[in-house]
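> sequence first, then the predicted structure, then my questions.
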Amino acid sequence: MVFTSPFFVFVFLPLVWLVWYGLRAFDAGTRGSLLLLCVASLVFYAWWHVPDLALLAASIGANFLLGRLIANARPASRARVAAAGVAANLAVLAVFKYWALFTGWRSGLALPLAISFFTFTQIAFLVDSARDKVREPSLLRYSAFVLFFPHLIAGPIVRLQEIQDQLTRCVPQSVRARRLARGFALVAIGLAKKIFIADSLAPAANILFGSSAETSISASMAFVGLISFYFQIYFDFSGYTDIALGTARLFGIRFPRNFNHPYRAASLVEFWKRWHMTLSRFLRDYLYIPLGGNRKGLAREIAALLVTMGLGGLWHGAALTFVAWGLVHGVGLAANHLARRFLRLRLPTLAAWALTQLFVLLAWVLFRSPDMETALRIYAALAGATQASGAGVAAMASASFAAWSHLLPAPLAAHATIWLGALLAVAAWAAIHPRLPVRAIGGHVRRAVWTREALYASLVIVLGAALVLKIRAADAIEPFIYFQF
């Protein structure tokens with residue numbers, strides 16, 4: 001089940017929420033509320049592949065018991081128990097995800113959905129338990145923490161201490177109109193990001209990165225396909241996060257923020273403070289700092305950066321392209337630190353922003369390419385080292401506009417390239433603009449008849465109607481990019 005499927009939007013989410021809210025009539029309390037959310041989350045997860053439930057249940061049970069062992073161990077022994085638990089989690093992840101990469105042999109085991117996310121979530125729990133940062137949860141509360149369907153598949157990576165108090169208050173009586181309005185608005189905005197922008201840009205990116213070795217790639221084709229992916233991955237993943245945050249808020253849970261306009265960043269350090277913030281924080285707290293961070297000399301700091309970012313790239317997938325992407329960012333971060341520390345280099349803001357985003361844009365080639373050969377071909381095309389016609393851009397535009405063309409008048413539908421350019425312009429504005437228009441409007445009309453809640457409700461209605469049209473128009477909805485991790 002995916003957030004963008006009509007079944008989830010119009011059946012599963014409303015049904016689960018109505019049943020959950022209806023529990024107040026039976027005075028079910030926190031236990032009943034969490035039990036319902038666990039059952040709903042298991043159904044949500046099993047919708048993909050029922051056998052994967054066995055590994056998920058085993059992982060939750062084993063890590064819960066490890067958490068109990070850590071809590072009951074002597075202070076001197078806690079770190080050793082936590083280290084053994086972390087090693088066991090990483091071993092399971094390695095067998096399912098990295099066996100073929102490191103051994104050259106296929107294990108024959110299918111990659112369970114979301115294994116990276118629920119493994120990292122539980123590794124954080126074990127380490128935080130050893131550091132005495134979390135209270136010992138009950139099995140039901142721990143299961144609800146890991147399983148809660150808004151973050152189970154693709155994050156954000158939530159720490160137990162961030163929501164453990166909220167889990168004790170997760171009862172229907174705590175629901176308020178403002179929370180509901182903002183929750184549904186976030187869901188609507190996330191769906192709009194995904195379906196209107198990310199999915200419309202996906203065909204252009206797919207044509208570029210799916211081109212065969214015999215296909216000639218022009219510089220214009222490479223640039224259009226790459227800039228399409230640059231915006232696609234942001235709106236795809238930030239759209240997922242908005243839906244996750246909005247859905248969780250409907251049940252009285254506030255997740256940590258995961259994006260803060262990363263394409264406004266004027267340095268790589270700032271970019272990683274704004275992009276996939278929960279993963280960046282995880283890598284910093286559980287890898288970079290334990291490796292020494294910036295406390296044990298320059299050489300140790302650079303080594304920690306490279307190891308952290310290299311492993312961060314490997315976490316995304318068992319391919320050398322992901323490792324290269326992580327290492328490239330590690331080198332960029334090291335250069336960023338060195339330039340500031342020794343050269344005292346301070347570029348003008350606009351120049352720093354342009355240089356940072358160019359770096360991020362070019363690095364996305366490694367992230368998206370299926371292999372290094374494809375990545376090198378695209379880099380060569382961007383450098384103008386290949387000769388090809390610009391017909392590929394027209395094919396990209398036609399593919400991107402295909403799902404929309406029959407909804408518009410024929411004269412407009414005939415200009416697919418103009419449509420793609422306009423879409424990229426809208427994507428650029430939406431990615432860089434610091435605030436949602438509805439917030440700004442809401443601030444100006446706060447004293448008028450139209451309140452912010454009314455604006456949120458109007459946004460949901462308008463986007464909901466448009467989403468129905470788009471879902472009906474599209475042959476298929478693109479899967480979320482981060483579902484493969």
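Nice, I can see it.

> pretty sure W47 is in contact with M1, am I right?
Yes: between W47 and M1 a contact is recorded at 3.8 Å, counting by Cβ atoms under 8 Å. Where C-beta positions appear, they are placed from N, C-alpha and C, glycine not excepted.

> run a quick neighbour tally on A213.
Look at A213: counted by other Cβ atoms under 10 Å, it has 7 neighbours.

> okay, it: pLDDT?
Note on A213: pLDDT of 72.

> these two touch, right, it and D371?
No: counting by Cβ under 8 Å, A213 does not reach D371; the two are 10.1 Å apart.

> how about the CA coordinates for the helix or strand where G326 lies, as CSV?
If you go by DSSP states H and E, G326 is part of helix 320-341. Only the C-alpha atoms of helix 320-341 are listed here, as CSV (Å, rounded to 0.1, in the frame of the first residue of the first chain):
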residue,chain,number,x,y,z
LEU,A,320,29.2,1.3,-6.0
THR,A,321,27.4,4.3,-7.3
PHE,A,322,25.8,5.0,-3.9
VAL,A,323,29.2,4.6,-2.2
ALA,A,324,30.7,7.0,-4.7
TRP,A,325,27.9,9.5,-4.1
GLY,A,326,28.5,9.4,-0.4
LEU,A,327,32.3,9.7,-0.7
VAL,A,328,31.9,12.6,-3.1
HIS,A,329,29.8,14.4,-0.5
GLY,A,330,32.3,13.5,2.1
VAL,A,331,35.1,15.1,0.1
GLY,A,332,32.9,18.1,-0.5
LEU,A,333,32.2,18.5,3.2
ALA,A,334,35.9,18.1,4.0
ALA,A,335,36.8,20.8,1.4
ASN,A,336,34.1,23.0,2.9
HIS,A,337,35.6,22.7,6.4
LEU,A,338,39.2,23.2,5.1
ALA,A,339,38.3,26.3,3.1
ARG,A,340,36.6,27.9,6.1
ARG,A,341,39.3,27.0,8.6
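
> helices and strands around whichever helix or strand comes after that helix, which ones?
Counting by DSSP H and E, the next helix or strand C-terminal to helix 320-341 is helix 349-368. If you count contacts as 3 or more Cβ pairs under 8 Å, 6 or more residues apart in numbering; DSSP states H and E, helix 349-368 packs onto helix 219-250, helix 268-274, helix 320-341, helix 372-382.

> checking V146 next. Helix, strand or coil?
Put simply, V146 is helix when judged by DSSP: H, G, I helix; E, B strand; the rest coil.

> run a quick neighbour tally on the closest residue to S129 other than its chain neighbours.
Spatially, and ignoring its direct neighbours in sequence, S129 is nearest to I70 (4.5 Å; Cβ to Cβ, 6 or more residues apart in numbering). Using other Cβ under 10 Å, I70 is surrounded by 26 other residues.

> please apply the same query to F342.
By the criterion of other Cβ under 10 Å, F342 has 9 neighbours.

> now do stretch 350-366: everything it contacts.
226-227, 229-230, 233, 263-268, 270-271, 321-322, 324-325, 328-329, 332, 347, 375, 378-379, 382 (Cβ atoms under 8 Å, 6 or more residues apart in numbering).

> filter the residues you listed to the buried ones?
By neighbour count, with 16 or more other Cβ atoms under 10 Å, the contacts of stretch 350-366 hold 226-227, 229-230, 233, 263-268, 270-271, 321-322, 324-325, 328-329, 332, 375, 378-379, 382 as buried.

> and H329, how far from A87?
26 Å (Cβ to Cβ, to the nearest Å).

> now do F282
Distance of F282 to A87, computed by Cβ to Cβ: 17 Å.
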